[in-house]
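**Student:** I'll drop the sequence and a predicted model, then ask my questions.
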Amino acid sequence: MTRKKAFLTGTTGSMGGSALRHLLERGNCDVVTLVRPSEKNKEAMKAYAAEPALEIVWGDLTKYEDVLKCVTGADIVLHPAAFIAPAADHDPETAWKINVGSAEHIVKAIKAQPDPDAVKFVNIGTVAETGDRLPPIHFGRTGDPLKPSIFDMYACSKIAAERAVAESGLRQWVSCRQTYIATANPIQDPIMFHQPINTCIELCTEHDAGLLLANACADDLPETFWRRFYNIGGGPSCRVLFHEYMDSSMKIFGIDSKEVMERNWFALRNFHCQWFEDSGILDEYLHYQSESVEDHLGYLQAKVPAHGKAGAREIDQEAIRKGIMEPLAMGTPDCTMYWINNNMEMRITAFFKSREEWARIPAWGVDMPEHPRNIQALRLDHGYDEDKPTVDLDLEDMRAAAAFRGGTCLSKKMETGDLFTKLEWKCAFDHNFEATPNIVLKGGHWCPDCAPPGWNYDEEARRNPFFAQVWYPNHDPEENNVYPEDCWRDIVEP
């Protein structure tokens, strides 16, 4: 019997590296990986040099010939590789070249195979595609509106990549939107302060992220698994509030988060993450939810040397505040307090609404946000009868969905139940476009001409009731902000 061959990208990263370890431990699959030949990557891959089931191809995802070499003969493509934030937000050209280009190259290479329908493609997207989901919309599901946060060039590129995959015409693809991957390496970057303290995170551990990809290689996945969108999350045991997670993880290192950081360093809106109503659907297929928040904190605890554990020695909180946290909050143009101190209006309106709103942020312990577990979550309306079986969805359902998005379904006919033949649509801004019902109804995509970069969300919410559901919970109807396509340059070229 011929051994299965998997093309796995991103093996020098957290998710791809974890998947590689899982696959090699099982030993029932040959793996080919494409690795950029940097000195760092060469050093990282030395540990696998003697693995007989692994072929390392030194090359680049942005080069079609390299991708084609790896896809040729592969039964499945596992694609977690990405150029991620914050680097992607500072260099969107590279983000598009890597994130969108690699997806397009993989699709093209699969179509170049003798039997493209036999090749499976697991694309990894991101929770950042749906952007800010603060209470009361803190529970989300696939099909909810896509809303990459302002300045989030990484999320924009992953939306474009997902569209390339979902509209490719391939027979066996999925796009799984990855949540925050909890690793043993704490984040030390200004992006930590871009998050509101009441952000709802349903994390996934590094182990489980890799397990998911390894399990996607199973032979017994049913046809119903494919051509769908999924949210990756660890399930109920992995749901945490950002400030709770921050407190718990810092405490392991003997750090009191309230002493080393000010509450008003943290944004009030415009980040991402949510708790998932539907992460269990993916787990029913791939059986990857094996670890919890407590398991992750245990890994952090085990990593800390004995002399550094909380209580083992006195931690100089002031030194940590001055030497680490203050520079992350105010030291560069990517820092929240740099925006405040230098009157960077676009950043202030996006993340705080206004300077006045920022000034009203109280101290720790004063008027803390109500815990989301005590708030009734709003389930978003997708604009059509979701109780209707997919095989019965018809043109009238498409017209209803389009109207709820402020637009029109222009097509005059549709085969009932066919979600994969493109229809013609018009958005509220009179852009005509083609899209499958699947990507609109099940993926939450809409008009590609309106999709960021370039953010006109205040006006979009006025015209598009579907989108308004995710905008008005923390934006006022009288706001009228527009952020141009190149707005990201304000921190790169201050």
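**Tutor:** Received it, and whenever you're ready, just let me know what you need.
**Student:** going forward, measure contacts between C-alpha atoms and count neighbours the same way
**Tutor:** Will do.
**Student:** for the stretch 201-350 of the chain, which spans come out with low pLDDT?
**Tutor:** Judged against pLDDT under 70, the low-scoring parts of the stretch 201-350 of the chain cover residues 306-313.
**Student:** now the strands for it?
**Tutor:** Listed from the start of the chain, the stretch 201-350 of the chain has strands (DSSP state E, counting those that start in this stretch) covering 204-205, 228-231, 239-241, 275-276.
**Student:** which residues in the stretch 351-494 of the chain form helices?
**Tutor:** 355-359, 395-404, 437, 457-463, 465-471, 489-492 (DSSP state H, counting those that start in this stretch).
**Student:** repeat for the stretch 1-150 of the chain
**Tutor:** With DSSP H, counting those that start in this stretch, the ranges of helices along the stretch 1-150 of the chain come out as 14-26, 39-45, 64-71, 87-90, 92-95, 101-111.
**Student:** My guess is Cys70 contacts Ala6. True?
**Tutor:** No: under the criterion of Cα atoms under 8 Å, Cys70 lies out of contact with Ala6, with a separation of 9.0 Å.
**Student:** what touches both of those two?
**Tutor:** Shared contacts of Cys70 and Ala6, defined by Cα atoms under 8 Å, 6 or more residues apart in numbering, comprise Val32.
**Student:** give me every residue that touches the spatially most central residue of the chain.
**Tutor:** The chain has Thr126 as the residue nearest its centroid, 1.7 Å off, counting by Cα atoms, centre = their mean. Applying Cα under 8 Å, 6+ apart, one finds that Thr126 lies in contact with 155, 158, 176-179.
**Student:** pLDDT at it, what is it?
**Tutor:** As summarised for this prediction, Thr126 has a pLDDT of 98.
**Student:** measure it to Asp219 for me?
**Tutor:** Distance of Thr126 to Asp219, given as Cα to Cα, to the nearest Å: 26 Å.
**Student:** so how many other residues sit close to Val482?
**Tutor:** 16 (other Cα atoms under 10 Å).
**Student:** just Gln274 next, same as before
**Tutor:** Look at Gln274: counted by other Cα under 10 Å, it has 29 neighbours.
**Student:** My guess is it contacts Phe139. True?
**Tutor:** Yes: shown here, Gln274 and Phe139 form a contact pair, counting by Cα under 8 Å, at 5.9 Å.
**Student:** overlap in contacts of these two?
**Tutor:** The contact sets of Gln274 and Phe139 overlap at Arg133 (Cα under 8 Å, 6+ apart).
**Student:** And for stretch 264-271, what's in contact with it?
**Tutor:** In contact with stretch 264-271 (Cα under 8 Å, 6+ apart) are residues 128, 131-132, 134, 149-150, 193-197, 329, 336-337, 350-353, 358-359, 361-363, 474.
**Student:** buried subset of the residues you listed?
**Tutor:** Neighbour counting over the contacts of stretch 264-271 (16 or more other Cα atoms under 10 Å) leaves 128, 131-132, 134, 149-150, 193-197, 329, 336-337, 350-353, 358, 361, 474 as the buried ones.
**Student:** Could you report the distance from Gly13 to Val35?
**Tutor:** Counting by Cα to Cα, the gap from Gly13 to Val35 is 11 Å.
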